[in-house]
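S.K.: Prediction below, plus the sequence it came from.
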Amino acid sequence: ATYNSVDELPSLDWDFLVVGGGTAGSVIASRLSEDSRFNVLVIEAGPTNEDALLSIVPGLQARLAHTAYDWNYTTVNIPGYNNRSINYQRGYILGGSSSVNGMVFTRGAASDYDRWARVTGDPGWSWDKLQPYIKRHEKFQPPVDNHNITGQYDPTVHSSTGMVPTSVSGFQHPSVDPFTLMVTQQLGGEFKYNLDFNSGMPLGIGWLQATIGHDGTRSSAATSYLTPQIQARNNLHVVLNTFVTRILETPSQGRGGLNIRTVEIHTQSGPPITMTASKEVILAAGAIGSPRILMSSGIGDRNDLKALGIPVILHNPSVGRNFSDHPSLNNVTFALKKPVDVGPWVNLDSDPELQALALELWQTNRTGPFTALVPYDLFGWVRVPDSVFRDSGFEDPSSGPTAANIEMLIGAPTGVAWETRLRLSSPASRGYVALRSSDPLDPPLINPNYFSHPFDIVGMREAVKAAKRFVSAPVLKDNIIQMNPPWANASTEDEIDQVIRNTAVTAWHASGTAKMSPKNVDWGVVDPDLRVKGVKGLRVIDASIMPYIPCAHTQTAVYFIAERGADLVREVWH
Ligand SMILES: Cc1cc2nc3c(=O)[nH]c(=O)nc-3n(C[C@H](O)[C@H](O)[C@H](O)COP(=O)(O)OP(=O)(O)OC[C@H]3O[C@@H](n4cnc5c(N)ncnc54)[C@H](O)[C@@H]3O)c2cc1C
């Protein structure tokens, strides 16, 4: 059942308390409550996802920032971004960031997960061993427009029997895409056609897949794993609009050691409420929320906590560190001499009448541009050339030669320019989440610290060069005038670096802030079974635990983590 406030809860006896009903939290609660012996409570700060039109309609995604569904975080001034701060969106809604994200569905490289297995000493995190979880989580379907997708994806690497409806993008741009496909033929090599970049081998150019199924609506963790039928289970309870401030030490009842199975909940009027899980507390509050709760509770760097007056219950300097994200350039465009006719929706972003029409089409029969999000149908994943590593002496931060350093979203949504949105897929820089004060309601300090590692600015410069190589293909070259501002006048490396630093934003892929590490080492926050080191009864299962960010949009990796995480929990309590 679902409750709108903590006062409505029928009972305070729980086997499992899941903190955060986001991407991972929804999966964990759903899977644990499949076992009717377990009584599970999900505690979510945000409201329900039901009837949240902005979340449901893919084409309205861009309007979700700064709404009631957003934590509305802002970063500190980021030195590598010439001291700019940026807003840092996170989903504040059931389903968490999967209810507000861009729905791009990418798994990354097999070697990304093999690296997790290697650095944690647990082969269970390898690409091969994760395959059953990939199957359980994905429900591939025909796209909403029913276009023929033969040759646009590889059915052998997909599952149609899992939980989250996915497909190839169901609103394509047939006057633009043939140019990109021609580039794959003319240039080949780094821009070769890749039938399916979700095969574990992402390099090359392939068709976008999204967490949007045949019905043309967003698939979130909430719509997939916490459907009304699942929420109706007698042993599954979801409480919304409820903020967890801390987790507290629980009297050990002979279990010994530091036991943390108690959760403290903020109430508007009156003292906080506490609840204790008889089995485990699972933090799934995301890469910002989970370290925030750990540190507010006294689990973190001893010196940082003491400086804020927070009593230390466990010294662990890794908490909140290792913040990893994909810096992103959304403005790399090349002006065209002769525009491409991109059809009647060209001014969709700016024309309210077109937007009203698009919404009407979506509502009437699930057609039109709002059935999809990004105006880019083809994505590219490329490498920084080996020579750059050789000449610069930088180590390749990616997980290996079949992983991507750079992501390119390719298209011409306006028809007057070729656009390549560029992301650094395997960054070397690491930032942090830290507390501002001892008040758990105070938003944390977020410093993604982009470009703090000197390789990353080189890597991003290489991304711009890769975009230029892409548009040098014969089919595009003669129609291109020049790069649009602010790139037009940037010719030296230094000038290019300045444009990057002045304009880069984020891909919203925060991860790594409670990273897993091998058992019995004194760094890292969780063991490979996702238990918080040095604590009994407490796990973190969400994007925080990634030791390295995959060269992919991160929701899919979070689904893998949560599916396996739920199994790791069940193994202990079956
Ligand atoms: C704008 C945006 C666009 C993105 N685009 C893509 C994309 O296109 N493709 C992709 O793969 N990935 C994308 N991502 C990233 C992806 O969505 C995330 O990596 C993933 O959803 C994170 O899952 P999570 O479970 O770790 O955290 P979340 O899904 O964020 O879940 C955390 C949950 O915990 C709740 N919570 C936090 N603190 C507390 C507290 N103290 N008390 C109670 N509840 C709390 C939150 O409200 C939230 O529901 C995007 C993210 C954003 C924000």
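M.R.: Perfect, thanks for sending it.

S.K.: what's the neighbour count on Lys102?
M.R.: Careful, residue 102 is Gly; it's not Lys. 18 (other CB atoms under 10 Å). C-beta coordinates here come from the backbone N, C-alpha and C atoms, glycine included.

S.K.: Let me know the distance separating it from Val374.
M.R.: Note on Gly102: its distance to Val374, by CB to CB, to the nearest Å, is 7 Å.

S.K.: again, but for Thr513
M.R.: Distance from Thr513 to Val374, by CB to CB: 27 Å.

S.K.: Would you indicate which residues of the lowest-mean-pLDDT helix or strand in the chain are buried?
M.R.: For the chain, counting by mean pLDDT, DSSP states H and E, strand 480-483 ranks last in confidence among helices and strands (a mean of 93). For strand 480-483, a neighbour-count test (16 or more other CB atoms under 10 Å) marks 480, 483 as buried.

S.K.: Quick one: list the elements packing against it.
M.R.: Where contact means 3 or more CB pairs under 8 Å, 6 or more residues apart in numbering; DSSP states H and E, strand 480-483 is packed against strand 333-336.

S.K.: Name every strand pairing with the strand it packs on and say which way it goes.
M.R.: The strands beside strand 333-336 in its sheet (DSSP bridges) come out as strand 417-424 (antiparallel), strand 480-483 (antiparallel).

S.K.: quick check: mean pLDDT across the first one?
M.R.: What it means is strand 417-424. In this model, strand 417-424 carries a mean pLDDT of 96.

S.K.: neighbouring contacts of it?
M.R.: The contact list for strand 417-424 (CB atoms under 8 Å, 6 or more residues apart in numbering) reads 326-330, 332-336, 376, 405-413, 456, 459-460, 463-464, 466-467, 470-471, 476, 480, 484, 507.

S.K.: And for the very next helix or strand once past that strand, what's in contact with it?
M.R.: Later in the chain than strand 417-424, the nearest helix or strand by DSSP states H and E is strand 432-434. With contact meaning CB under 8 Å, 6+ apart, strand 432-434 is reached by 287-288, 291-292, 295, 304, 320-323, 444-447, 449, 513.

S.K.: one more time with 10 Å
M.R.: 73, 76, 287-292, 294-295, 300-301, 304, 308, 319-323, 444-449, 510, 512-514, 544 (CB atoms under 10 Å, 6 or more residues apart in numbering).

S.K.: In strands, which of those residues fall?
M.R.: 73, 300, 445-447 (DSSP state E).

S.K.: Among those, which one lies nearest to the ligand?
M.R.: The ligand lies nearest to Tyr73 out of the ones in strands among the contacts of strand 432-434, by CB to the nearest ligand atom, at 9.7 Å.

S.K.: how many neighbours does Asp522 have?
M.R.: 10.

S.K.: Use 11 as the first number from now on
M.R.: Yes, from this point I'll number from 11; that puts the last item at Asp532.

S.K.: Run through the residues that contact it.
M.R.: By CB under 10 Å, 6+ apart, the contact list for Asp532 reads 326-328, 543-544.

S.K.: what residue ranges in the stretch 261-410 of the chain are flagged as low confidence?
M.R.: When residues are selected by pLDDT under 70, those of the stretch 261-410 of the chain lie in 263-265.

S.K.: interface residues of it facing the ligand?
M.R.: 294-297, 299, 303 (CB under 6 Å from any ligand atom).

S.K.: quick one: His276 and Thr284 touch, right?
M.R.: No: with contact defined as CB atoms under 10 Å, His276 does not count as touching Thr284 (11.2 Å).

S.K.: that older thread, among the ones in strands among the contacts of strand 442-444, which pair sits farthest apart?
M.R.: Spatially, the most separated pair among the ones in strands among the contacts of strand 442-444 is Tyr83 and Gly310, at 18.6 Å (CB to CB).

S.K.: For the two, indicate the residue with more neighbours.
M.R.: Gly310 (28 against 18).

S.K.: Most proximal residue of this protein with respect to the ligand?
M.R.: Gly32 (1.7 Å).

S.K.: in terms of contact, does that residue touch Gly296 like I think?
M.R.: Yes: proximity of Gly32 to Gly296 meets the contact threshold set by CB under 10 Å, at 5.6 Å.

S.K.: can you list residues touching both of these two?
M.R.: In contact with both Gly32 and Gly296: 100-101, 106-107, 552-553, 568, using CB under 10 Å, 6+ apart.

S.K.: Look at Thr523 and Val384 and report which has more neighbours.
M.R.: Thr523 (32 against 20).

S.K.: Quick check, pLDDT for the more buried one.
M.R.: The predicted local confidence for Thr523 is 98.

S.K.: List the buried residues of the helix or strand Lys475 falls within.
M.R.: Secondary structure from DSSP H and E places Lys475 in helix 464-481. Buried residues in helix 464-481, defined by neighbour count with 16+ other CB under 10 Å: 465-474, 476-477, 480-481.

S.K.: same thing with stretch 237-251?
M.R.: 240-241, 243, 245-250.

S.K.: and it, is it in reach of the ligand?
M.R.: No: judged by CB under 6 Å from any ligand atom, stretch 237-251 and the ligand are separated, with a smallest distance of 9.4 Å.

S.K.: Now do that stretch, average pLDDT.
M.R.: pLDDT averaged over stretch 237-251 gives 97.

S.K.: Can you measure across that stretch, start residue to end residue?
M.R.: 18 Å (CA to CA, to the nearest Å).

S.K.: now swap in stretch 26-39 and tell me
M.R.: 9 Å.

S.K.: Distance from the chain centre to it, please.
M.R.: In terms of CA atoms, centre = their mean, to the nearest Å, the centre of stretch 26-39 is found 16 Å from the chain centre.

S.K.: Repeat that for stretch 261-270.
M.R.: With CA atoms, centre = their mean, you get 35 Å for stretch 261-270.

S.K.: With just CA atoms, put that stretch into PDB.
M.R.: Extracted C-alpha coordinates of stretch 261-270, given in PDB (Å, rounded to 0.1, in the frame of the first residue of the first chain):
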ATOM      1  CA  PRO A 261      20.900  -1.800  20.400                       C
ATOM      2  CA  SER A 262      22.700  -4.900  19.300                       C
ATOM      3  CA  GLN A 263      20.700  -7.600  21.000                       C
ATOM      4  CA  GLY A 264      23.700  -9.900  21.200                       C
ATOM      5  CA  ARG A 265      24.700  -9.400  17.600                       C
ATOM      6  CA  GLY A 266      27.800  -7.500  18.600                       C
ATOM      7  CA  GLY A 267      29.600  -4.800  16.700                       C
ATOM      8  CA  LEU A 268      28.100  -1.600  15.300                       C
ATOM      9  CA  ASN A 269      24.500  -2.300  14.300                       C
ATOM     10  CA  ILE A 270      22.600   0.300  12.300                       C
END
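
S.K.: Report the buried residues of it.
M.R.: For stretch 261-270, by 16+ other CB under 10 Å, it's 268-270.

S.K.: show me the contacts for Phe181.
M.R.: 68-69, 153-155, 157, 222, 226, 355, 368, 377-385, 387 are the contacts of Phe181 under CB under 10 Å, 6+ apart.
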